[in-house]
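Engineer: take this sequence and fold it.
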Amino acid sequence: MLRYLPLTFKNTLRNPRRTILTIANMAVSLCLLSVMIAMYHALFFSQETPGQALRLVVRHRVSLAQPIPVAYEAKIRALPGVKEVSIWQWFGGTYKDNRDPKNFFARMGVEPKAFMTIRTQMEMPEDQRRAFITDRTGCVVSSDLVDKFHFKVGDRITLLGDIYPVNLELKVVGIFKDPDAIQTLFFNYDYLRDALPLARRNYVSVIAVLANSTEDVPRIAKAADAMFANSAWPTRSESEQQFALSFVSFIGNIKLFLLSICAAVTFTILLVSGNTVAMSVRERIREVGIMKTLGYANNLILSLIIGEAITIALTGGAMGLLLAAAVTDFVGKIGQNFIGQLHGLSLTPLTAIICLAVAAFVGAVSSLVPAWNAARTDILDSLRYSG
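Structural biologist: Now for the predicted structure:
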């Protein structure tokens, strides 16, 4: 069969314009498919870091928009297996101009000492850690925010309240690196709490929990949710990774959205490829008759036509993967401002294999019917065919 490969490659170039356009269509389609699969993998199948494996987030069962009582913190701290607990309060607010999406980043109020114990992978100089604990108006920013806004220790940052009727005047006292916290600013929760009206001081967004071991994590989650199941503020305890996905759910059913795009892309390139192969085979009916006259078997003719389609599809797929490698990097840099899991988005070997397999599948399926019809056409009918 290998001796017929040169003939297969030569047939792909019979109509260079059609072949180039088909490869280009396949490349663009497979690029889009690769990006969608890469995003799906990053959002729903990325591995937890060692720090995330020990952390839980306790929030209101209904929605992140619903607060939970501050009193839950002490009750959760008393559960077996809990090492540390800290309040996390989403502030939101406006930095400079909220009409510019580049100014968006996470702003969280925390309890500094407990917070830095929970963030086991946080890297920050010791003097900056002490300053964050002691300076009530101090805040710490992630290193990627420093690269973006050129913050430095000692800078003043003003956050205008929107969810809360207060403005925060913060001083940068530390710059940290943490693989689990990108595009994030943390400030002292007590500074916010003292500025709030009395009626709003007793509720917080979520409570972060650090377990003693990974074995304790599911037990703590179950115990916490059972403790508050019959209260007016029932909770849902989930991993830090699942909690991050809760923000994605505000967009809608992102999983269904991505899968729908993948299915639509596959179906579209299947139709386009099928039409292209059918046109190519129809133009070569007489040639098929001559090949049969020379002794070419039906199975061989079938294999040659399918092999030609698979070759074109795989070429387009390979080019699409090269294009997708650049696109995923761009999408990751843009998307991480809104969805943290897209930080460092890239094509994995599994994604590349899936996309090449889809390309081969599309090539084979789209050419199967035209190839079968050509292979079973009678010699005399083939030679009489006039196009």
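Engineer: the chain: strands as residue ranges?
Structural biologist: Taking DSSP state E as the test, the strands found in the chain are 55-60, 68-69, 82-90, 106-110, 138-142, 156-160, 167-176, 184-188, 203-204, 206-211, 235-239.
Engineer: got those as a markdown table, with mean pLDDT, distance to residue 28 and mean neighbour count columns?
Structural biologist: Backbone N, C-alpha and C define where each C-beta goes, glycine included. Converted to a markdown table, those look like this (pLDDT from 0 to 100; distance: least, C-beta to C-beta, whole Å; neighbours: other C-beta atoms under 10 Å):
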| stretch | mean pLDDT | distance to residue 28 | mean neighbour count |
| --- | --- | --- | --- |
| strand 55-60 | 92 | 40 | 23 |
| strand 68-69 | 94 | 47 | 20 |
| strand 82-90 | 92 | 39 | 20 |
| strand 106-110 | 91 | 34 | 22 |
| strand 138-142 | 95 | 35 | 25 |
| strand 156-160 | 92 | 42 | 15 |
| strand 167-176 | 94 | 40 | 19 |
| strand 184-188 | 94 | 35 | 25 |
| strand 203-204 | 92 | 47 | 19 |
| strand 206-211 | 93 | 42 | 24 |
| strand 235-239 | 90 | 37 | 21 |
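Engineer: now tabulate these in JSON lines and tack on distance to residue 222.
Structural biologist: Listed next are those as JSON lines, based on distance: least, C-beta to C-beta, whole Å:
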{"stretch": "strand 55-60", "distance to residue 222": "11"}
{"stretch": "strand 68-69", "distance to residue 222": "17"}
{"stretch": "strand 82-90", "distance to residue 222": "13"}
{"stretch": "strand 106-110", "distance to residue 222": "25"}
{"stretch": "strand 138-142", "distance to residue 222": "32"}
{"stretch": "strand 156-160", "distance to residue 222": "37"}
{"stretch": "strand 167-176", "distance to residue 222": "32"}
{"stretch": "strand 184-188", "distance to residue 222": "29"}
{"stretch": "strand 203-204", "distance to residue 222": "22"}
{"stretch": "strand 206-211", "distance to residue 222": "12"}
{"stretch": "strand 235-239", "distance to residue 222": "8"}
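Engineer: and of those, who's closest to residue 258?
Structural biologist: Nearest of the strands of the chain to residue 258, taken as C-beta to C-beta: strand 235-239 at 21.0 Å.
Engineer: what's the closest one packed up against?
Structural biologist: With contacts defined as 3 or more C-beta pairs under 8 Å, 6 or more residues apart in numbering; DSSP states H and E, strand 235-239 has these neighbours: strand 55-60, helix 216-227.
Engineer: just put the ones you listed in TSV and tack on distance to residue 371.
Structural biologist: Listed next are the helices and strands packed on strand 235-239 as TSV, based on distance: least, C-beta to C-beta, whole Å:
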stretch	distance to residue 371
strand 55-60	55
helix 216-227	54
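Engineer: re earlier: relative to residue 280, which of the strands of the chain is closest?
Structural biologist: strand 235-239 (51.9 Å).
Engineer: and that closest one, how far out from the chain middle?
Structural biologist: Offset of strand 235-239 from its chain centre (C-alpha atoms, centre = their mean, to the nearest Å): 21 Å.
Engineer: what strands line up against that strand, and which way round?
Structural biologist: Strand 235-239 pairs in its sheet with strand 55-60 (antiparallel), by DSSP bridges.
Engineer: just how off-centre is the strand it pairs with within its chain?
Structural biologist: The answer for strand 55-60 is 22 Å, by C-alpha atoms, centre = their mean.
Engineer: with stretch 74-87 instead?
Structural biologist: 31 Å.
Engineer: for residue 361, give me its contacts.
Structural biologist: With contacts defined as C-beta atoms under 8 Å, 6 or more residues apart in numbering, residue 361 has no neighbours.
Engineer: what about it, distance to residue 238?
Structural biologist: From residue 361 across to residue 238, the span is 36 Å (C-beta to C-beta, to the nearest Å).
Engineer: the strands of the chain: which one's closest to residue 129?
Structural biologist: strand 167-176 (6.8 Å).
Engineer: what does the closest one rub up against?
Structural biologist: Here strand 167-176 has contacts from 91, 93, 122-125, 128-129, 131-132, 135, 137-143, 146, 151-161, 185, 187, 191-192, 195, using C-beta under 8 Å, 6+ apart.
Engineer: one more time with 7 Å
Structural biologist: Contacts of strand 167-176 with the rest of the structure, by C-beta atoms under 7 Å, 6 or more residues apart in numbering, involve 93, 122-124, 128-129, 131-132, 135, 137-143, 146, 151-161, 187, 191-192.
Engineer: now do residue 276 against residue 78, distance only.
Structural biologist: Between residue 276 and residue 78 the computed distance is 68 Å (C-beta to C-beta).
Engineer: more crowded one of those two?
Structural biologist: Legend: neighbour count by other C-beta atoms under 10 Å for residue 276 and residue 78, higher for residue 276 (22 against 9).
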